[in-house]
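Enquirer: quick one: sequence plus predicted model below, questions after.
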Amino acid sequence: MTLSAKVWSYRYITVFALIFFFIQPLVTSAFGAIEFIGKGTIPGSAIDNLKLTDPIDAAGTPQNRMGGFGSAIAYTGSGNLFIAIPDRGPADGKSTYLNRYYWLSLAIDPIKHTVTPSLVSTQLLSQGPNQPKQVFTGNSEAFDSTNSPASRRFDPEAIRMGKTGTIFISDEYGPFIYEFDRSGLRLRSLKVPDKFLIKSPGVPSADPDTELANPNGRQPNGGMEGLAINPDGTKLYGITENPLIQDHALDIRHKRVGINHRILEIDIKTGATREFLYQLERKKNRVNEILAVNNHEFLVLERENKAGDKAVFKKIFKIDLAGATDISNIDRLPEKDVPSGVKKVAKSLFLDLLDPAYGLAGPDFPKKIEGLAFGPSLPDGRISLLVTSDNDFHRDKPSIIYVFAIDPSDLNYVPQVITPMSDKQ
């Protein structure tokens, strides 16, 4: 090889190496390039700004510990302002934790690859307007014997902002879907079809089998986990964490065998409902969130329950309800098969969080990836996608917010219409 040829060869190798270095955070999927921007963390020891007369709950955890809010997050449509909600609190329902939601500011810098979260304010959630104004609690013993919305117990697992600025929150216990005003006062409970509800509630934190004795409805700790709202704010879409009991979810030993899920559509104004068939990739998986891309396509977060190096499945799928069959009149779904004449929702892989190219997998990767939200547009026109973790109120584990950048044309993304608000609440 001549000296000139060697020089050009080295130049090509150098250019190739530089290109690889700069584009390696970009992962190309069927939907185009997805870039990991960075992650923001809030320490597990952080506290919120509530001033409570009883600073320690029954589980021995400070009532103002700012944990668990990675269960759900939503964009307000204004600046860097988000809302996020912790679940039922520490100790799996054994505590007297008071339910609340947070206003968060989240600064995303795609150039410096930094994500900086900060707490703006905290709001307790209470019953009303036709009930005594009691603050909801995560305590699994605080239930109504008829499993009605009169119950004080509340396990919030998803949060979305309505187009007029009210807030919709799903309850894993019921499962119910509530609408709140910004002050945290419940305005109403939306009607959920009876097939999703259990008739005889119990104390699953003490004995899960007390609720598994129900012939129908959600599994213990497997209720309305995900909630989406379409861009024009007219419909909600809920999905349970696990398949319903009557849909052959479990075998006689209460081991998971079923993969057929129902997505529930609710017309916010009329209350009319439809249901669609969503199939899990594996029977051990669970669904943690659903997020509207447009009026018929959604992102669904599906995962197993392992952390660190043992984690093997933390994936986000894109689904399409267009053409899917309404299965509202099917009382019992089979364990795995698609019923005759039924078309399930179309489904394809969108983002694998454990893809080595993102560099997220490893001993510190969290078990509970639970929240999904689109955020504000980035300076180059791409949209931000937030993925959050639930730290279960552990003092030594941070709450994590992962941020990805996506070209909106790759998703046919339509942003939600929300009444403008101030960045300060």
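Expert: Everything's here; your move.
Enquirer: now do the contacts for Tyr97.
Expert: Contact analysis of Tyr97 by C-beta atoms under 8 Å, 6 or more residues apart in numbering lists 57, 59, 61, 63, 86, 88-90, 137-139. For glycine as for every other residue, the C-beta is placed from the backbone atoms N, C-alpha and C.
Enquirer: now with 7 Å?
Expert: By C-beta atoms under 7 Å, 6 or more residues apart in numbering, the contact set of Tyr97 is 57, 63, 88-90, 137-138.
Enquirer: backbone dihedrals for the closest residue in space to it that isn't next to it in sequence, please?
Expert: Excluding its sequence neighbours, the residue lying closest to Tyr97 (C-beta to C-beta, 6 or more residues apart in numbering) is Gly89, at 2.5 Å. Dihedral pair for Gly89: phi 110, psi -170, per degrees, to the nearest 10.
Enquirer: now do the one 3 residues further on
Expert: In terms of degrees, to the nearest 10, the main-chain angles of Asp92 are phi 50, psi 50.
Enquirer: from Ala307, how far off is it?
Expert: Separation of Asp92 from Ala307 (C-beta to C-beta, to the nearest Å) stands at 16 Å.
Enquirer: tabulate the contacts of Tyr97 (TSV), appending neighbour count.
Expert: Listed next are these as TSV, based on neighbours: other C-beta atoms under 10 Å:
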residue	neighbour count
Asp57	23
Gln63	19
Arg88	28
Gly89	29
Pro90	24
Thr137	23
Gly138	29
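Enquirer: neighbours around the closest residue to Thr210 other than its chain neighbours, how many?
Expert: Of all residues not flanking Thr210 in the chain, Gly202 sits nearest, at 3.2 Å (C-beta to C-beta, 6+ apart). If you count neighbours by other C-beta atoms under 10 Å, Gly202 ends up with 21.
Enquirer: check the one 10 residues further on too.
Expert: A total of 17 residues lie near Leu212 under the criterion other C-beta under 10 Å.
Enquirer: now do the same for it: its pLDDT.
Expert: pLDDT for Leu212: 92.
Enquirer: so what's the backbone phi/psi at it?
Expert: phi -70, psi -10.
Enquirer: show me where the stretch 201-350 of the chain has its strands.
Expert: 224-229, 235-240, 260-267, 273-279, 286-292, 297-303, 314-320, 346-352 (DSSP state E, counting those that start in this stretch).
Enquirer: which residues touch Glu346?
Expert: Let me fix one detail, which is that residue 346 is Ala and not Glu. 319-320.
Enquirer: ok, now Asp194?
Expert: Contacts of Asp194 by C-beta under 7 Å, 6+ apart: none found.
Enquirer: which ones are touching the residue nearest to Gly68 when sequence neighbours are not counted?
Expert: Distance criterion C-beta to C-beta, 6+ apart; nearest residue to Gly68, sequence neighbours excluded, is Pro86 at 3.6 Å. Counting by C-beta under 7 Å, 6+ apart, Pro86 touches 67-69, 71, 100.
Enquirer: Pro86 and Asn412, how far apart?
Expert: In terms of C-beta to C-beta, Pro86 sits 33 Å off from Asn412.
Enquirer: what number of residues lie near Arg382?
Expert: 20.
Enquirer: contact partners for it?
Expert: Going by C-beta under 7 Å, 6+ apart, the list of residues near Arg382 reads 405-407.
Enquirer: would you list those residues in CSV and tack on distance to Gly77?
Expert: Converted to CSV, the contacts of Arg382 look like this (distance: C-beta to C-beta, whole Å):
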residue, distance to Gly77
Ala405, 19
Ile406, 18
Asp407, 20
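Enquirer: these in strands, which ones?
Expert: 405-406 (DSSP state E).
Enquirer: nearest to Leu81 among the contacts of Arg382?
Expert: In terms of C-beta to C-beta, no member of these lies closer to Leu81 than Ala405, at 19.3 Å.
Enquirer: now the helices for the stretch 301-425 of the chain?
Expert: 408-411 (DSSP state H, counting those that start in this stretch).
Enquirer: my error: substitute the stretch 151-300 of the chain in the last question.
Expert: 209-212.
Enquirer: hmm, back to that, what's the closest of the contacts of Tyr97 to Gly323?
Expert: After measuring those against Gly323 - C-beta to C-beta - the closest member comes out as Arg88, at 37.0 Å.
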